[in-house]
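Peer 1: I would like to see how this sequence folds:
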Amino acid sequence: HPVGTVLGRAYYNDYFCAYHNVSVGSDLNSNAPSFGKGVVMFSGSKVIGKTIVSDNCFISLGTVIISENIQKDSLVFGQHPNLVLKHTKRSVVKDIFNTMEKFAEYSFNKSHSTAYAYITFQTAYLKAYYPCEFMAALMTTEINTSEKVVSDIRECKEMDITIYPPSINESGSGFTPLKKSIRFGLNAVKNLGTNIVKNIIDLRESQGDFKNLFEFLGLMDSRRLNKKTLESLIRSGALDEFGFNRATLFKNIDKLQSNVGINNKDANPDQESLFDNDQIYQIPDLDIVDEWDIFNLSKFEIETLGYSISINPLSAVEKKIKEINSKSIMEIKTLKDKSPVTVAVYITSIDIKTSKKNSNKYAYVNFEDSTGILEGIVFNDEILKYEPQLELGIPLLVSGYIENSDENIKLIVNSVNGNEAIKEIKNINLPLKINISRNITLNESKKLKKLFEKYPGDSIVEINLSNSGLKARIGIEDYKVENCDKLKEEIQEFNFSSY
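Peer 2: Next comes the predicted model:
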């Protein structure tokens, strides 16, 4: 390319080769001398005694070294007779060097830029027209990095792609694209090694899908499918298709474990049978129990998959959240530094550490709601007070202050206006509010009192009176009730509204 096209703004790595050739007064096609190791255009970089730029960027220029003896902001000119910069003003040389140094932080030559642009076009095309296949392939390549997989899952939600939990009969080793959805990969389930995943897939390929839970257990290699692995399969939802809820399977895990490998020919090479597979599986009686609550289901999915795939724990307390004065994570990210906030979230990861200086604890926490994820920091006093509440998948009301610096937003968990820093939302007792827009009779008043006595609880009662232009709010301290739907239905029989 002509010299005239590279003396302005630099776009490619190649331009600096031209800078060099012009500075030493040589033709672009000639064998121009390079700056030697002891020659420096301008020093002032923070890096002393090392290369100030990456080797790939200045490979044609040679390695530029800053000597420890050179004072900051001094200029050193080489001894080469054709060095044009020898008589250039100090300020000009400084500007040239600063431009080169800054650009060297991340630059490409023309051939690399072209290749990257082509790859970018290809991947953009695939993502636009084959979104499930593209995202499944992306998550498979990042399957060993849980944080990246979780980030990809969030992006799938934004793209209206449904992510299904792992399945013994449908999941491959990696993520499997389906119609407008993706099935979670077995290799991404914690505590499942590649050997056990290979065992599952090989069995499916050799004799088809597993027809029931005990066929699966009986055919597996007992040397590979241990109790810890079986727990992960249950907690992640990989065994849901066999008709038992997760709590029941976990309750009977010893029975399940005793059936692992009993019909595995590799583990029992001398075993022969006169019967077909369907005839030899005896299904033992299991102790049936109720399914775990939504909070434990979410917690166990986060522990085994890194993310709550099938459940959003906040949905169980959605009504309470609507009545609580809190912000979403999306709203928080628009606030100024030091802003006090309260947010309804659940924890997707927590890392508690101990300071080497004073042995105080502190924790890095990832909070999440339906609008995004927010990094939080919990210091020693709050950890000592609230550590039992710092569990995965539990809906929490968290207060604190925003730390907004360099576009990196964090929540410093702390008490705000005297309120507790962390509360479990399910344990928050909201007041029962009753709106009355007419005169209330003595008989109605007595009936309301009996109704309050019928539903004892921990919520206070607030009555909002509005009649003939007058408004009043009355707190009834003598009664505390259970703020439940049944009570609200009975209150509506008085033609009063409640919430």
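
Peer 1: please count neighbours and contacts with C-alpha atoms only from this point.
Peer 2: Will do.

Peer 1: need the mean per-residue confidence for stretch 129-137.
Peer 2: Averaged across stretch 129-137, pLDDT comes to 96.

Peer 1: how about that stretch: buried residues?
Peer 2: Pro131, Cys132, Glu133, Phe134, Met135, Ala136, Ala137 (16 or more other C-alpha atoms under 10 Å).

Peer 1: again with stretch 187-206
Peer 2: Burial within stretch 187-206, assessed by neighbour count using 16+ other C-alpha under 10 Å, is assigned to Asn187, Ala188, Val189, Lys190, Asn191, Leu192, Ile196, Val197, Ile200, Ile201, Arg204.

Peer 1: right, and the fourth one touches Glu301 too?
Peer 2: No: under the criterion of C-alpha atoms under 8 Å, Lys190 lies out of contact with Glu301, with a separation of 10.1 Å.

Peer 1: just the strands in the stretch 51-200 of the chain please.
Peer 2: 162-164, 176-178, 181-183 (DSSP state E, counting those that start in this stretch).

Peer 1: what's the distance between the residue nearest to the spatial centre of the chain and Lys433?
Peer 2: Central residue of the chain (C-alpha atoms, centre = their mean): Val150, 4.5 Å from the mean position. Note on Val150: its distance to Lys433, by C-alpha to C-alpha, to the nearest Å, is 40 Å.

Peer 1: starting at the chain centroid, how far to whichever strand or helix holds Leu465?
Peer 2: In the assignment (DSSP states H and E), Leu465 maps to strand 456-467. Chain-centre distance of strand 456-467: 40 Å, with C-alpha atoms, centre = their mean, to the nearest Å.

Peer 1: swap in stretch 472-492?
Peer 2: 40 Å.

Peer 1: buried set for it?
Peer 2: Using 16+ other C-alpha under 10 Å as the test for burial, stretch 472-492 gives Tyr479, Lys480, Val481, Glu482, Asn483, Leu487, Lys488, Ile491.

Peer 1: correct me, but the second one touches Ser459?
Peer 2: In other words, Lys480. Yes: look at Lys480 against Ser459 with C-alpha under 8 Å: they come within range, at 5.1 Å.

Peer 1: what pLDDT is listed against Gly44?
Peer 2: 34.

Peer 1: actually, Met220.
Peer 2: 92.

Peer 1: point out where the stretch 51-200 of the chain drops to low pLDDT.
Peer 2: Counting by pLDDT under 70, the stretch 51-200 of the chain shows low-confidence ranges at 51-94, 96-97, 100-107.

Peer 1: list the buried residues of the strand holding Leu465.
Peer 2: Neighbour counts over strand 456-467 (16+ other C-alpha under 10 Å) mark Ser459, Ile460, Val461, Glu462, Ile463, Asn464, Leu465 as buried.

Peer 1: same deal with stretch 379-390?
Peer 2: For stretch 379-390, burial by neighbour count (16+ other C-alpha under 10 Å) applies to Phe379, Asn380, Glu382, Ile383, Leu390.

Peer 1: please apply the same query to stretch 432-442.
Peer 2: The neighbour-count check on stretch 432-442 (16+ other C-alpha under 10 Å) flags Leu432, Lys433, Ile434, Asn435, Ile436, Ser437 as buried.

Peer 1: give me the subset of those lying in strands.
Peer 2: If you go by DSSP state E, these have Leu432, Lys433, Ile434, Asn435, Ile436 in strands.

Peer 1: ok, the closest residue to Ile201 other than its chain neighbours - contacts?
Peer 2: Residue nearest to Ile201 in three dimensions, not counting chain neighbours: Gly172, with 7.1 Å by C-alpha to C-alpha, 6 or more residues apart in numbering. Counting by C-alpha atoms under 8 Å, 6 or more residues apart in numbering, Gly172 makes contact with Gly185, Leu186, Ile201.

Peer 1: ok, the first one touching Glu170?
Peer 2: No: the pair Gly185 and Glu170 fails to qualify as a contact (C-alpha under 8 Å) at a distance of 9.2 Å.

Peer 1: now do the SS call for Arg235.
Peer 2: Under DSSP: H, G, I helix; E, B strand; the rest coil, Arg235 falls in the helix class.

Peer 1: and it, how many neighbours?
Peer 2: Arg235: 25 surrounding residues under other C-alpha atoms under 10 Å.

Peer 1: got a list of what it touches?
Peer 2: By C-alpha under 8 Å, 6+ apart, Arg235 lies in contact with Arg246, Leu297, Phe300, Glu301, Thr304.
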